[in-house]
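> What follows is a predicted protein model with its sequence.
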Amino acid sequence: SVLTQPPSASGTPGQRVTISCSGSDSNIGRKTVNWYQQLPGMAPKLLIYNQDQRPSGVSDRFSGSKSGTSASLAISGLQSEDEGEYYCATWDDNLAGWVFGGGTSLTVL
Amino acid sequence: EPQLLESGGGLVQPGGSLRLSCVASGFTFRSYAVTWVRQTPGKGLEWVAVISSTGGSKHYPEDLRGRFRIFRDNYKNTVELEINNVRAEDAAVYYCAKLTHGYWDFGSGVAFDIWGQGTKLTVS
């Protein structure tokens, strides 16, 4: 994938977990980043847009940030219902299209 | 409540063609661009096509241009994805998604905020 995410992350209930997304100047470095959550058996859902904005209805336990060519998703107060796959996404100017990270599988221990 | 519902997936032979359909409800369909994203176990999420709110602009990844075509009908609130000369690597779950804007403007500030449940394409 053009965007690099760790394949897995884990934490215990109540903990704070961070998922990273590494890109380059042609994508994260100059474009806004979005994060999508995909729970088991479900379609992806927009979780964070424009690197740090939450859509209506998304818990404030989820937050996003961007610095240079990397972005991060933080989940605080981890809950079992947070288990699933998390994807970062942005536009890439070189490819002239949207690109996704490979996804990070979050496990709540 | 805004919703998208895909249909048209199924079993297709290599070299065949098919059209996937996406029906929208619960929002002003003609005001928003719509995209298709596919998902495979091996390649994850992959963007495959986008169409502007009016249908006047369309865009595809370089490697799919020519085989994939996207259409919309703002009277029927539908978007369709036509796949021609189907290949084994096209097997995936195909999702349609609504953009937050009517046009993508090189992706700046645009997100996919409503997704359908997906329709599965099997190639064999």
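Great, that's in hand. Numbers count the residues shown, from 1 in each chain, chains lettered A, B, ... in the order given.

> Tell me the residues of chain A that contact chain B?
Taking Cβ under 8 Å from any Cβ of the partner chain, the part of chain A that reaches chain B is made up of A:1, A:31-32, A:34, A:36, A:43-46, A:49-50, A:55, A:87, A:89-93, A:95-103. Where you see a C-beta, it was placed from the backbone N, CA and C, and this is true even at glycine.

> Recalculate using a threshold of 10 Å.
Within chain A, the positions near chain B by Cβ under 10 Å from any Cβ of the partner chain are A:1, A:5, A:27, A:30-36, A:38, A:41-50, A:53, A:55-56, A:85, A:87, A:89-93, A:95-103.

> Among those residues, name the ones in strands.
Counted as lying in strands by DSSP state E, out of the residues of chain A next to chain B, are A:34-36, A:38, A:45-48, A:85, A:87, A:89-92, A:97-100.

> those strands in chain B, which residues are they?
B:3-7, B:10-12, B:18-25, B:34-40, B:44-51, B:58-59, B:68-73, B:78-83, B:92-99, B:112-115, B:119-123.

> Adding mean pLDDT, write those out as TSV.
Below are these laid out as TSV (pLDDT from 0 to 100):
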stretch	mean pLDDT
strand B:3-7	98
strand B:10-12	97
strand B:18-25	98
strand B:34-40	97
strand B:44-51	96
strand B:58-59	96
strand B:68-73	98
strand B:78-83	98
strand B:92-99	98
strand B:112-115	98
strand B:119-123	97
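
> Tell me which of these sits nearest to residue A:18.
Proximity to residue A:18 (Cβ to Cβ) singles out strand B:44-51 among these, at 20.2 Å.

> who does whichever residue of chain A sits closest to chain B bridge with?
The nearest approach of chain A to chain B comes at residue A:91, 2.3 Å away (Cβ to the nearest Cβ). Legend: beta-bridge partners of residue A:91 under DSSP bridges are residue A:98.

> who's in contact with it?
A:26-28, A:30-34, A:97-99, B:47, B:104-110 (Cβ atoms under 10 Å, 6 or more residues apart in numbering or on different chains).

> which of these count as buried?
Among these, those classed as buried by 16 or more other Cβ atoms under 10 Å in any protein chain shown are A:26-28, A:30-34, A:97-99, B:47, B:104, B:107, B:109-110.

> okay, who's weakest in those residues by pLDDT?
In terms of pLDDT, residue B:107 ranks lowest among those, with 81.

> List the single closest residue to residue B:53 in space, sequence neighbours excluded.
Leaving aside its sequence neighbours, residue B:53 sits nearest to residue B:102 (Cβ to Cβ, 6 or more residues apart in numbering or on different chains; 3.5 Å).

> residue in chain B nearest to chain A?
Closest point on chain B to chain A, by Cβ to the nearest Cβ, is residue B:107, at 2.3 Å.

> State the distance from that residue to residue B:15.
33 Å (Cβ to Cβ, to the nearest Å).

> try residue B:57
Per Cβ to Cβ, residue B:57 is found 30 Å from residue B:15.

> More neighbours: which of those two?
Applying other Cβ atoms under 10 Å in any protein chain shown to residue B:57 and residue B:15 shows that residue B:57 carries more neighbours, namely 13 against 10.

> Wait, that one touches residue B:34, no?
No. In this structure, residue B:57 is not within contact of residue B:34 by Cβ atoms under 10 Å, at 11.7 Å.

> Common neighbours of the two, please.
Common contact partners of residue B:57 and residue B:34 (Cβ under 10 Å, 6+ apart): B:50, B:51.
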